[in-house]
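Q: For reference, the sequence and a predicted model appear below.
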Amino acid sequence: MSSVSDSTRLEISSDTQADSSQYLTFLLGGEEYGVDILRVQEIKGWDNVTQIPNTPDYIKGVINLRGAIVPIIDLRQRFNLENTQYGPTTVVIVLKVRNNEKERTVGIVVDAVSDVYNIAGDDMKPPPDFGDIDVEFVNGLATIDDKMVITLNIDELLNTPAIAESAMTTH
């Protein structure tokens, strides 16, 4: 069981400047990533999932979240990082993901939640051009307190046919 309570609610600061956005950051393989805090539904401690046959390894399974079936994605595996044992800081961040006009809920397994940052638009740098390597799911890079935070476009990252299919096969 995780040291995080069963469900943690986040408070969004009202002093956010008009030209900045708030990001919930989390750790994954020693790097810090951020997602738009307005897309975060909740944070849950790691718990067992129901596995769905014939899905990619990065889809851990699904959970029932107050009557909604939510696919759970292991971001370490999605990013082809080294696997690690889930520990007391491992959490699931439940996110609202948009695909065209449709919105659905998806959970991502991360090593630990880090912080909430206000990032001004001027502080966000575009992702580097790696040529043929697809980094469409990276919104940008921001330097905060001498560290780099990679902000993610969760709509690009989590809208794959496999993830959509795992959500639909359980209804």
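A: Sure, I can see it.
Q: What strand or helix carries the residue nearest to the spatial centre of the chain?
A: For the chain, the residue nearest the mean C-alpha position is residue 108 (4.8 Å; CA atoms, centre = their mean). If you go by DSSP states H and E, residue 108 is part of strand 102-110.
Q: Quick one: list the elements packing against that strand.
A: strand 20-28, strand 59-65, strand 68-74, helix 75-78, strand 91-99, helix 154-158, helix 161-168 (3 or more CB pairs under 8 Å, 6 or more residues apart in numbering; DSSP states H and E). Where you see a C-beta, it was placed from the backbone N, CA and C, and this is true even at glycine.
Q: Counting by contacts, list what the following helix or strand past that strand packs against.
A: Remark: after strand 102-110, the chain's next helix or strand is strand 112-120, criterion DSSP H and E. Under the contact definition 3+ CB pairs under 8 Å, 6+ apart, strand 112-120 sits against strand 20-28, strand 31-36, strand 91-99, strand 138-144, strand 147-152.
Q: Let's have those in a markdown table, adding mean pLDDT and mean neighbour count.
A: What follows is the helices and strands packed on strand 112-120, written out as a markdown table (pLDDT from 0 to 100; neighbours: other CB atoms under 10 Å):
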| stretch | mean pLDDT | mean neighbour count |
| --- | --- | --- |
| strand 20-28 | 93 | 20 |
| strand 31-36 | 95 | 20 |
| strand 91-99 | 94 | 20 |
| strand 138-144 | 89 | 18 |
| strand 147-152 | 92 | 18 |
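Q: Same list (these) but as CSV, adding distance to residue 73.
A: Converted to CSV, the helices and strands packed on strand 112-120 look like this (distance: least, CB to CB, whole Å):
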stretch, distance to residue 73
strand 20-28, 12
strand 31-36, 13
strand 91-99, 9
strand 138-144, 16
strand 147-152, 12
